[in-house]
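Q: here is the input, now give the coordinates:
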Amino acid sequence: MQRDPRWTAQDLAGTARAVDLWWGLLAAGLDPLPPDLVAAGQDIARLRARVAARGDVAVRGAAGTALLRALSDAGRAAHRHGMGPRRQTGRVAGLHVSPGGVPKFPVEATEVGWRGVAGDRQANRVHHGRIFQAVCLWSVEVIRRLVREGHPIFPGAAGENVTVAGVDWAELRPGSRLLVGGALLEITVPALPCAKNAGWFLGGDFNRMHHERHPGDSRLYALVVRPGPVVLGDDVVVEP
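A: Now for the predicted structure:
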């Protein structure tokens, strides 16, 4: 993960808002919480308060960097406690970028950097563009299931950067790491649907891909552990 990201007040606010969802999903199934995750939760709560406080953005940004590291470490700890996916290998079935908005358009190859995919940007950064949202991934098997239900959706329509084939999507959770071509990514939180995706769903029901309504069907955000090139057809290796 990038050592010293440039934080904005908007980035800090968006990161603080994501903590409850991120923590809840990474700790799911661990009851009672192991002592190391109890301590991690306390540290995360303290850092979140510093990030959300009023004051100098540079000072709060240092807390933001520490918060992301603490959440990443906690997710990896949950995996060590047996909550991670099995090792499996899929492939890159689609790469998509856009100058803003959806659908995103297919490309044959791209570079994944600390802040995201080359050639891609978000038209609205109020809810997008955080470091933990650097790359959006989705499953081609989930998309095909939606098509069978009658939804007029297709790879890239809902805004994912990388469409993955051959991976059990429901097994992924915060802290899961995927080697995607030459880039190493770490799952953070589900991407929350919005009305801009209504056109891809029967009756405009874009919440069909909400993680609470249909667990295992949502798009997933990832932070970048190691940047690198990705080419259509590259392997996607899920690391336990």
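Q: report the mean per-residue pLDDT for the longest helix seen in the chain.
A: Across the chain, the longest stretch assigned as helix under DSSP state H is helix 57-78. Model confidence over helix 57-78 averages 96 on the pLDDT scale.
Q: name the helices or strands packed onto that helix?
A: helix 9-27, helix 35-52, strand 183-190 (3 or more CB pairs under 8 Å, 6 or more residues apart in numbering; DSSP states H and E). Every C-beta, even on glycine, is put in place using the N, C-alpha and C of the backbone.
Q: burial measure for residue 156, as a count.
A: Number of residues near residue 156 (other CB atoms under 10 Å) recorded here: 23.
Q: re the thing from before, and the helices and strands packed on helix 57-78, which is most packed in?
A: strand 183-190 (a mean of 24; mean count of other CB atoms under 10 Å).
Q: distance between whatever helix or strand comes next after that one and the chain's centre?
A: Downstream of strand 183-190, the next assigned helix or strand under DSSP states H and E is strand 220-226. Distance of strand 220-226 from the chain centroid (CA atoms, centre = their mean, to the nearest Å) equals 6 Å.
Q: can you give the domain ranges for the chain?
A: By the record's domain assignment, the chain is partitioned as 9-83, 88-239 (automatic domain parsing).
Q: neighbours of residue 101, how many?
A: Residue 101 has 12 nearby residues by other CB under 10 Å.
Q: wait, residue 159 sits on residue 209?
A: No: the pair residue 159 and residue 209 does not pass the contact test of CB atoms under 8 Å, sitting 10.7 Å apart.
Q: re the thing from before, list the buried residues for the longest helix of the chain?
A: Under the neighbour-count criterion of 16 or more other CB atoms under 10 Å, helix 57-78 has 60-61, 63-68, 70-78 buried.
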